[in-house]
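Undergrad: next come a sequence and a model predicted from it.
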Amino acid sequence: MPEGRIVSRTNAPVAIPLASRVSPDALLAAVLHLDSPVLVRHLGRTIVAACPNEVATGASVWDALRRPGGSPASACDPMAGGWIGLLADRLAGTVELLPGSPPDEAGPPAGAIARYPAVIVVDDDGHARLVAERPGPEADALLEAVHARAGALPRVPPPGSDVRSSLPGAMYEAAVDHARELIRAGDVYQVNIVQRLDAEWTAGPAALARALWAAAGPAPHRAYIDMPEGTVISASPERMVASDGVTAWSEPIKGTAAPGDFAALTTSTKDRAEHVMIVDLVRNDLGRIAEPGGVSVPDLMGPLATAYADHMVSRVSARLRPDVGPADVLRAVFPAGSVTGAPKVRALEVIREIEPVGRGPAFGSVVAVGTDGSLDASVTIRTAWVPRGVPRAQYWSGGAIVWDSQPAAERDEAWRKAAPFLAAMGAEAP
């Protein structure tokens with residue numbers, strides 16, 4: 001790999017090829033010692049970065065996302081100078097009028113995004129390059145790190161920690177029954193119920209990232225976001241929304257079966273109804289920012305396989321109005337309907353009534369927004385949180401409740417979705 005500092009007589013954008021066939025994990029390992037390291041996906045590429053030069057937290061993330069992160073240039077990549085970070089579930093209170101969230105001790109801020117003037121872009125074929133708005137200390141730090149430290153994320157054996165649920169035993173089934181009563185009364189049509197899992201973890205976030213990603217298998221929207229309060233580690237298979245500035249598209253997941261049993265979903269009246277309900281909700285969300293007649297569903301109820309479960313996934317697309325920017329796109333769909341319910345606002349209220357603890361970084365979104373207005377935002381399912389200075393790890397899992405839901409089956413589904421975390425901890429579902 002190249003070494004040394006970037007020397008230039010101009011402030012022109014920087015683009016430096018790195019070694020071929022380099023692993024994003026190795027690049028992340030190389031920059032972990034730098035400030036605020038991240039790994040995210042952006043429109044088919046993996047972005048690894050560190051050393052941001054601007055940070056926005058809480059409700060101010062919306063104002064930040066309305067400001068250009070830098071100046072796009074043909075010689076550079078739009079993620080050089082782009083925004084990367086977390087929109088947590090609690091940020092929904094800045095989009096809709098909602099009751100306060102349940103307690104979330106040692107959790108992340110409601111929102112936290114940072115602007116990275118230099119990033120490493122890794123194509124899926126393994127080719128990587130360092131790109132920067134201009135020569136500077138951030139680009140120098142990345143270049144020196146990948147030359148001196150490229151290696152592997154730390155690996156530790158599963159510790160065999162006990163895993164505790166916020167809805168243990170019959171409490172999860174009681175929460176499902178509560179939601180079904182509200183559905184029976186016509187108060188809500190579908191609501192997502194979630195348990196938080198807690199376990200002792202002393203090996204640090206990078207080791208958990210390696211263990212969780214290995215257990216989850218390939219995840220198209222995996223992420224690592226380090227911030228002062230702790231670290232988000234996601235193995236998400238779900239895209240909340242992406243946009244190229246002209247078109248926006250969402251890929252909601254609904255319906256869960258055992259691995260290899262997708263056929264059971266296609267014949268399940270419950271799962272198909274649950275899925276179509278959320279597709280309609282996403283169509284409505286995107287319709288707020290689309291040109292008249294500009295929303296379509298090019299793919300409906302297709303298969304999505306993971307190592308631990310099969311799902312149904314659709315694609316909802318929208319032609320954007322000319323006045324719509326990245327913040328508008330994100331606000332239109334956040335939080336994702338697939339992890340809230342329908343109607344969305346009432347489902348969010350019910351969630352805050354039923355769930356005993358906050359969702360932390362889970363069921364929000366990891367976002368990557370380029371200087372050209374492009375964006376890619378996941379749904380933070382299959383997501384863990386490692387609080388700074390606290391020897392524990394947290395993970396959230398649950399599912400959508402409809403009238404046909406069976407409490408015991410819903411509890412089993414929640415634990416099936418926890419399989420990657422349980423494997424990382426060396427634990428079993430109760």
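TA: Perfect, I can see it now. Residues are numbered from 1 along each chain as shown.

Undergrad: drop to CA atoms for contacts and neighbour counts, all remaining ones
TA: Noted.

Undergrad: export only the CA atoms of the top strand by length along the chain, formatted as PDB.
TA: Assignment by DSSP state E gives strand 290-305 as the longest strand of the chain. C-alpha atoms of strand 290-305 as PDB (Å, rounded to 0.1, in the frame of the first residue of the first chain):
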ATOM      1  CA  ALA A 290     -42.600  11.900  -5.100                       C
ATOM      2  CA  GLU A 291     -43.800  13.500  -8.300                       C
ATOM      3  CA  PRO A 292     -47.600  12.900  -8.800                       C
ATOM      4  CA  GLY A 293     -48.000   9.300  -9.900                       C
ATOM      5  CA  GLY A 294     -44.300   8.600  -9.300                       C
ATOM      6  CA  VAL A 295     -44.500   5.700  -6.800                       C
ATOM      7  CA  SER A 296     -44.300   2.100  -8.000                       C
ATOM      8  CA  VAL A 297     -43.600  -1.400  -6.600                       C
ATOM      9  CA  PRO A 298     -41.300  -3.100  -9.100                       C
ATOM     10  CA  ASP A 299     -40.700  -6.100  -6.900                       C
ATOM     11  CA  LEU A 300     -43.200  -7.600  -4.500                       C
ATOM     12  CA  MET A 301     -42.700 -10.300  -1.900                       C
ATOM     13  CA  GLY A 302     -39.400 -11.700  -3.200                       C
ATOM     14  CA  PRO A 303     -37.100 -14.000  -1.300                       C
ATOM     15  CA  LEU A 304     -34.300 -12.800   1.000                       C
ATOM     16  CA  ALA A 305     -32.200 -15.500   2.700                       C
END
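
Undergrad: for that strand, the distance to its chain's centre please.
TA: Using C-alpha atoms, centre = their mean, to the nearest Å, the mean C-alpha position of strand 290-305 is found 20 Å from that of the whole chain.

Undergrad: give me the sheet partners of the helix or strand following it and which way each runs.
TA: The C-terminal neighbour of strand 290-305 among helices and strands, as given by DSSP states H and E, is strand 310-320. Strand partners for strand 310-320, identified by DSSP bridges, are recorded as strand 247-251 (antiparallel), strand 253-257 (antiparallel), strand 290-305 (antiparallel).

Undergrad: just put those in CSV and tack on distance to residue 101, mean pLDDT and mean neighbour count.
TA: Formatted as CSV, those follow (distance: least, C-alpha to C-alpha, whole Å; pLDDT from 0 to 100; neighbours: other C-alpha atoms under 10 Å):
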stretch, distance to residue 101, mean pLDDT, mean neighbour count
strand 247-251, 26, 98, 23
strand 253-257, 24, 97, 24
strand 290-305, 31, 98, 16
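
Undergrad: ok, which of the ones you listed comes nearest residue 349?
TA: strand 253-257 (20.5 Å; C-alpha to C-alpha).

Undergrad: and the next element down the chain from that closest one?
TA: helix 262-266.

Undergrad: skip ahead from that following helix and say which helix or strand is next.
TA: helix 269-287.

Undergrad: so for that following helix, what gets flagged as buried?
TA: 271-272, 274-279, 281-283, 285-287 (16 or more other C-alpha atoms under 10 Å).

Undergrad: I'd like those written out as a markdown table, with pLDDT added.
TA: Formatted as a markdown table, the buried residues of helix 269-287 follow (pLDDT from 0 to 100):
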| residue | pLDDT |
| --- | --- |
| 271 | 96 |
| 272 | 96 |
| 274 | 96 |
| 275 | 97 |
| 276 | 97 |
| 277 | 97 |
| 278 | 98 |
| 279 | 98 |
| 281 | 98 |
| 282 | 98 |
| 283 | 98 |
| 285 | 98 |
| 286 | 98 |
| 287 | 98 |
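
Undergrad: columns distance to residue 311 on top of those, output as CSV?
TA: Below are the buried residues of helix 269-287 laid out as CSV (distance: C-alpha to C-alpha, whole Å):
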residue, distance to residue 311
271, 10
272, 11
274, 12
275, 10
276, 13
277, 15
278, 14
279, 14
281, 18
282, 17
283, 20
285, 22
286, 22
287, 25
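
Undergrad: of all those, which comes closest to residue 340?
TA: Among the buried residues of helix 269-287, and counting by C-alpha to C-alpha, the member closest to residue 340 is residue 278, at 9.4 Å.

Undergrad: so how far is residue 156 from the closest one?
TA: 39 Å (C-alpha to C-alpha, to the nearest Å).

Undergrad: repeat for residue 120
TA: Counting by C-alpha to C-alpha - residue 120 and residue 156 are separated by 27 Å.
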